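> Let me see the structure of the following:
(one chain, ligands or ions: 1)
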Amino acid sequence: MVDEDLIFPPEFCWGVATAAYQIEGAWDADGKGPSIWDTLAHRPGGFAGGATGDVACDHYHRLAEDLDLIGGLGVTSYRFSVSWPRVQPGGRGPWNPHGLEFYERLVDGLLLRGIQPTLTLYHWDHPQSLEDSGGWLSRDIAERFADYAEGVADRLGDRVARWITLNEPLSVLNAAMFGSSRVDGPLGRDGLQMAHNLMLAHGLAVRRLRSAGVRGEIGIALNLSGMTPAGGGPADLDAARCAEVHEDRLFLDPLFHGHFPLVAGRPVVAGEIIDAPIDFLGVNWYAPARVAASPAGLFGYTRTDLPGVPVNMLGWPVAPERFGALLTWLRQNYPALPPIHVTENGIPLPDGVNAPDTERIAYLSECLGQLSRAIKDGMDIRGYHVWSLMDNLEWDHGYAPRFGLVHVDFDTLVRTPKASYHWYREMIAAQRGRRKAGRPWRA
Ligand code: FCB
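So this is what the prediction gives:
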């Protein structure tokens, strides 16, 4: 099943990704403090199916087994996140030595297996105590985040290959603005203030990581879609432009143009902290968006189905062949981009431990085909991470949507590699074998 047309540069980085709250469990073990996700999960009517991350995949207690699963794939990078309240329970002040030791064991276990650690500092689970004092609406959290970044760097700065400050600031903001349960924020919160504080946290952390002398590269992971207007009329064209500003451009512009795009007619100047140079841009991509004008939408637009395109169990269009369009858009609109790492890409499917997993393999292969073409066309794309190593807690959607290359039985916590795991392993081996055999990567 290895596609002979897929040809990647010899030094291309092959990876899988996870996030702390979605896999670790051990929510109150060994001195960990509560995160906002613990609070959300424990509320009556919390997540779909009554799910919580209390146990999740119990990765915290099964680290050795999971390291072997990662090693068995032959990947060269593993993207994981540090749980802020596990290492600094109150979000300020004292550190939890057990938490730091856990991530040290993880990082050392990766290095022993020849795998580069790609560490995300913030994958949405900040300490509850910081939420109590204003969360992302308060500027103070940006300063606290920089301190936290420095604390992690003091411990792991000599061993981490890539640092990702924030994962998907847009999701954090959207969740707050749309009042979803992802972040406990009601409508009407000041979105721009929040966007600014998120980017300030990012910029301050970049500075702090640099002054701490970390050896790895530093970047951020943004979720991007690629917008298509539903029709050719001016209203839909405007809607698509508006969606681009509110979603795809919202964090790219301050990072690479030095200011936020105009939002609701208000320009916000970013200043030199937010656009501190970064070494790579992380791109999380799952689906494109088709946008129509709609007075009912918060910003006058809404997403609509792509005609003839099926949607997956989370309602996202299954259109991997559109990945290239987003990459081209990025290249055309941001000519001075740093190198790109795809930091997440995957598809949710229902349970089926013994299923052939063909849909996942087809989706991932098509995305890789798009990526390989973009590289041949001259884009500087250095790495790719499948979301996810294993089935896990899909936030408020619970455990039903399964993104893993490894199946997890959530009753027994037994892990079973799926067909897609074997497919990915063979694909990586073929690409790395090409390198060993010294074959040129350009066709
Ligand atoms: C992304 C998140 C990741 C996972 C995937 C499916 O938005 O970064 O944690 O939930 O979606």
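
> how about the helices in the stretch 151-300 of the chain?
Counting by DSSP state H, counting those that start in this stretch, the stretch 151-300 of the chain has helices at residues 169-177, 191-211, 234-243, 249-256.

> Now that we're looking at the closest residue to residue 97 other than its chain neighbours, what pLDDT does it have?
Nearest non-adjacent residue to residue 97, counting by CB to CB, 6 or more residues apart in numbering: residue 31, 7.9 Å away. Backbone N, C-alpha and C define where each C-beta goes, glycine included. pLDDT for residue 31: 98.

> about what we covered before: out of the helices of the stretch 151-300 of the chain, which gets nearest to the ligand?
Proximity to the ligand (CB to the nearest ligand atom) singles out helix 169-177 among the helices of the stretch 151-300 of the chain, at 5.4 Å.

> The closest one - contacts with which helices or strands?
Under the contact definition 3 or more CB pairs under 8 Å, 6 or more residues apart in numbering; DSSP states H and E, helix 169-177 sits against helix 191-211, strand 217-223, helix 249-256.

> Swap in 6 Å and give it another go.
Judged by 3 or more CB pairs under 6 Å, 6 or more residues apart in numbering; DSSP states H and E, helix 169-177 is in contact with helix 191-211.

> what's the neighbour count on residue 422?
Other residues within reach of residue 422, judged by other CB atoms under 10 Å, total 16.

> so where's the stretch 201-350 of the chain shaky on pLDDT?
Residues of the stretch 201-350 of the chain meeting the criterion pLDDT under 70: 262-271.

> what about the strands in it?
Listed in chain order, the strands of the stretch 201-350 of the chain (DSSP state E, counting those that start in this stretch) span 217-223, 227-229, 280-284, 289-293, 301-304, 340-344.

> from those strands, which stretch is densest packed?
Of all those, strand 340-344 has the most neighbours on average by mean count of other CB atoms under 10 Å, namely a mean of 26.

> and it, how far from the chain's centre?
How far strand 340-344 lies from its chain's middle: 8 Å, per CA atoms, centre = their mean, to the nearest Å.

> Run through who's touching it.
The set of residues external to strand 340-344 that reach it, using CB atoms under 6 Å, 6 or more residues apart in numbering, is 17, 221, 280-284, 381-385, 387.

> quick check, nearest of these to residue 256?
Using CB to CB, residue 281 comes nearest to residue 256 of the contacts of strand 340-344, at 8.3 Å.

> Provide a list of residues in contact with that closest one.
Residue 281 touches 219, 337-338, 340, counting by CB under 6 Å, 6+ apart.

> Let me know the distance separating it from the ligand.
15 Å (CB to the nearest ligand atom, to the nearest Å).

> Quickly list what that residue is bridged to.
Taking DSSP bridges as the rule, residue 281 bridges to residue 220, residue 340.

> just residue 259 next, same as before
Beta-bridge partners, per DSSP bridges, of residue 259: residue 269.

> ok, residue 345 - contacts?
By CB under 6 Å, 6+ apart, the contact set of residue 345 is 285, 367.

> repeat that for 10 Å
17, 283-286, 320, 323, 363-364, 367-368, 370-371, 384-387, 403 (CB atoms under 10 Å, 6 or more residues apart in numbering).

> now swap in residue 153 and tell me
119, 121, 160, 163, 205, 208-216.

> Now the buried members of the residues you listed.
Buried subset of the contacts of residue 153 (neighbour count, 16 or more other CB atoms under 10 Å): 119, 121, 160, 163, 205, 208-209, 214, 216.

> and residue 94, how many neighbours?
Around residue 94 there are 9 residues (other CB under 10 Å).

> these two touch, right, it and residue 100?
No. Counting by CB atoms under 10 Å, residue 100 is not a contact partner of residue 94; they are 11.4 Å apart.

> anything in contact with each of these two?
Going by CB under 10 Å, 6+ apart, residues that sit against residue 94 and also against residue 100 are residue 88.

> Spell out which residues of the stretch 301-443 of the chain are next to the ligand.
Counting by CB under 6 Å from any ligand atom, the stretch 301-443 of the chain comes close to the ligand at 344, 387, 394-395, 403.
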